[in-house]
Structure formats: C-alpha cells, structure tokens
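Novice: Sequence and predicted structure are below.
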Amino acid sequence: MLAASGRPLASSPAATMVSSRGVRFRHLVLLLVVSLGGACRAREAPLPLPPARSAAGAGSRRAPERHGLSLDIYARTCPAVEQIVGNVTAERFRDHPASGPAVLRLFYHDCFVEGCDASILIAPTAKAGDAAAARPAAVERDMEENRNLPQYGFDTVEMAKAAVESKCPGVVTCADVLALAARDFVQLAGGPHYEVKKGRKDSKVSLAGKVRGSLPRANSTVDELLRLFAGKGLGAGDLVALSGAHTIGFAHCAHFLGRLYDFRGTRQADPFMDARLVKALRMACPSTGGSARAVVPFDVSTPFQFDHAYYGNLQARLGLLGSDQALFLDARTRPLVLDLGADKARFFKAFVASMDRMGSIRVKKGKKGEVRKICSQHL
C-alpha cells in the first residue's frame, strides 16, 4: 500500500504534463462519440450509508477471508495456459481493441461481488419448476450496475476458455482465465506485465442480490469508496491505484450527465470540471434526446494508452466521473494522486500490487467451487 506524501500541487510534473492548456480539445470532440454495444442506463441510487468514519477506522474492519494462490498450479496439468490465453487476447486486441477495458472491467466487477470466482460470467437460466420455463433466475449481470458491461467482454473470456479447454479440458477455471486475460490486456495497451497467481475455483452460483452496495458508483464520494474498499480488505492506496485503470475505457453519458447540466441541484455544470471539457462533452451528451449508445473516453489525453495520464487529468480538472475527480479533491487521497501522477513506473508498481490483492479477494477453493467448462453455465 502506498504511503501518502505531502508533495505540493505546483511541483507535480503530471500537472504540467496534462495541463488543461495542453489538451487538444478539437481532437477530443472527435473521440467523444463512440458507438459501442449496450444501453445508456443511469445507475440506481444506493441505500443510505451510515456516517463515515476516518480512513484509518474504515481500514480496521475485518478483511474478507483470503486463500493462498500459486504461480505454478497448472505447471503439470496445463503448462501452456498463459500462452493459450495470450494468443486469444492478442487477436482480440488487434481486431476489437475495446475488448481490453471491457475484460478489465469484468474482472473488477467479478472480484468486488462475492470474490474473484467468475460469478459475473454466469448467464441467466430458467428457474427450476417454472411452468412457463420462461422467467430466468436473476444473476449478477442482470443488475443495473452490470447491464452496461459490453457483451464482447464476455465473448472474449469465453473464447479464451474454449481455447484452453481444447488443450487442457476440465483443468483451468474461468476465474483464472479472466484474471489472465485482464493482465494481458493491460500489457497490450502499454501497461505493465505482471505474474498472475492462479488457483481460484469458479462459483457454483451467481446471485443478483449480492450486487447492490458491492460496487462503486459513478458519483460515489471518497467516504463511500473508502468504506467499500475497506470491506474488501483494500485500502486508500488500492483505491487510487486501481482507479488508474480508467486510463483506458469508456463511460456512458448517463454516468456523468449530472456533472454537465445539474450538479447537485444547481442547474449548472460541476465547477470542478474544466469548462472546455464541459463544452465538448455537451456536444456528445445532450441533456435530453441523446443517443443511448454514445460513450466517451475516461482519459481525454491518451484514451487508448495504459499510462499514468489519468492522474494528471484529475489535477487539471479533466476527470470524467465524479468519483474519479473526488480522488483529487479529497485531502486523504490527493497526495496519492500526486504521487502516482508524478511517475509512471511508480503507478505501474502500485497498480500491480493492488491487482494482486484484489485478485485474491474471497477466493473459493476445494468443494466450495467448481471448474466450469463453459463460463456462462455452471455445472
């Protein structure tokens, strides 16, 4: 976990690197409207949270149970698993580059709900005993928080799993394939290569009711984020480092529309968003009648490169989501934003460490899990 530094704002190289003057807004407007699959749905409001305690207090909560993973668990049973998955991810990145952030997001959404067990991949099936056999049982991906997860992310994991099954049937879990694919896409986009520990079993169930309150929202406060991460055994350093994954990927207009037109009921734009960014975003995301398919990049400076520009964007008031910009505005997380924004190598190191911790949340072992043959169907 990173230690907060007291580095002053004016001395941050990242602030200079991605100052608002340096952003090419003409190019940004061309990037703004990107048609991808999925509908533009606003996330539902969360249940009221209890009064926030300090970050230290939040971190003192009992961490979820963790189990040991291994780098060489498939050394004898499927020694080429990483190469097999890597061949699929490389091809998908070449032909469908948006698959990268889609799979990375799947990994986040999987681990934060009942642990890293591929439960997010299970598709709805007909309820047992249903006379019409038409109503599917609600699973995680049915929830509002997950309905915008792109189908090509799911397809990519299924393709990688099918390739592994053809060489090593019944050995490698979907949960491990997802973890490996997420790592591959980080590297393919210019991020760090890192070793992935393996040995996660696949969940036997996927329950929609476990989703609510388990995932960050687009407008979450830092208090809410710290409590949520603490409940997963993660700290403020993990929150800031993992948020750096927003250096790639896209968001639907509904997730930040309030910042453009009615910030906290003022009928004005969020004063903490650069005015020129507001103007550019409004071109792609009108207050009413806009395209439900329109998405915009999280990182307005290098949207397709996995780098540390995300943190410079926050310093220049170019954060897309309210929950992103809040990391720079809050005194508890601002030093971490400055620290990672000042050095790409430092960000990569912190990101890798946090991905390892996140990838170990509530891992299922033995009879508590299974090895699915098809990731969307439990055995």
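Specialist: Looks like it came in fine.
Novice: how deep is residue 70 tucked in, by neighbour count?
Specialist: Residues lying near residue 70 (other C-beta atoms under 10 Å) number 10. From N, CA and C alone the C-beta is placed, and that goes for glycine too.
Novice: ok, the nearest residue to it once chain neighbours are set aside to residue 363 distance?
Specialist: In space, and not counting its chain neighbours, residue 70 is closest to residue 199: 5.2 Å by C-beta to C-beta, 6 or more residues apart in numbering. In this view, residue 199 and residue 363 are 7 Å apart by C-beta to C-beta, to the nearest Å.
Novice: More neighbours: the two, which one.
Specialist: The neighbour comparison of residue 199 against residue 363 (other C-beta under 10 Å) goes to residue 363, with 23 against 19.
Novice: Name the SS class of that one, please.
Specialist: Following DSSP: H, G, I helix; E, B strand; the rest coil, the label given to residue 363 is coil.
Novice: again with residue 251
Specialist: Secondary structure, three-state DSSP: residue 251 is strand.
Novice: All further residue positions should be reported with the first residue as 42.
Specialist: With 42 as the first residue, the last one maps to residue 292.
Novice: Read off the pLDDT value for it.
Specialist: Here the pLDDT value assigned to residue 292 is 93.
Novice: what sits against it?
Specialist: Residue 292 sits next to 259, 336, 337, 339, 361, 362 when contact means C-beta atoms under 8 Å, 6 or more residues apart in numbering.
Novice: ok, so what distance separates it from residue 321?
Specialist: Going from residue 292 to residue 321 by C-beta to C-beta gives 14 Å.
Novice: Repeat that for residue 276.
Specialist: From residue 276 across to residue 321, the span is 35 Å (C-beta to C-beta).
Novice: got the contact list for residue 141?
Specialist: Neighbours of residue 141 in contact, by C-beta under 8 Å, 6+ apart: 134, 226, 227, 229, 230, 289, 290.
Novice: Spatially nearest residue to the last one, not counting backbone neighbours?
Specialist: Closest residue to residue 290 in three dimensions, ignoring its sequence neighbours and counting by C-beta to C-beta, 6+ apart: residue 142, at 3.1 Å.
Novice: burial count for the closest residue to residue 148 other than its chain neighbours?
Specialist: Sequence neighbours aside, residue 223 is the residue nearest to residue 148 in space, at 4.0 Å (criterion: C-beta to C-beta, 6+ apart). Residues within reach of residue 223, counting by other C-beta under 10 Å, total 25.
Novice: in what helix or strand does the residue sitting nearest the centre point of the chain lie?
Specialist: Centroid-nearest residue in the chain: residue 146, 3.7 Å away (criterion: C-alpha atoms, centre = their mean). Assigned by DSSP states H and E, residue 146 falls within helix 140-152.
Novice: what about the helices in the stretch 142-291 of the chain?
Specialist: With DSSP state H, counting those that start in this stretch as the criterion, the stretch 142-291 of the chain has helices at 192-208, 215-229, 263-271, 277-284.
Novice: so who does the closest residue to residue 347 other than its chain neighbours touch?
Specialist: Ranked by C-beta to C-beta, 6+ apart and with sequence neighbours excluded, the top spatial neighbour of residue 347 is residue 232, at 3.4 Å. Residue 232 is in contact with 347, 348, 389, 392, counting by C-beta under 8 Å, 6+ apart.
Novice: mind checking how far residue 232 is from residue 293?
Specialist: Per C-beta to C-beta, residue 232 is found 24 Å from residue 293.
Novice: Likewise for residue 393?
Specialist: Note on residue 393: its distance to residue 293, by C-beta to C-beta, is 29 Å.
Novice: if you count what's nearby, which of those two comes out ahead?
Specialist: residue 293 (23 against 17).
Novice: and the more buried one, what are its bridge partners?
Specialist: In this entry, residue 293 is beta-bridged to residue 336, by DSSP bridges.
Novice: Okay, now the unreliable bits of the stretch 292-420 of the chain?
Specialist: For the stretch 292-420 of the chain, residues meeting the criterion pLDDT under 70 lie at 333.
Novice: can you do 80?
Specialist: The model of the stretch 292-420 of the chain has pLDDT under 80 over residues 330-334, 420.
Novice: all helices in the stretch 292-420 of the chain, in order from the N-terminus.
Specialist: For the stretch 292-420 of the chain, the helices defined by DSSP H, counting those that start in this stretch occupy 298-302, 316-325, 350-356, 363-370, 375-382, 385-399.
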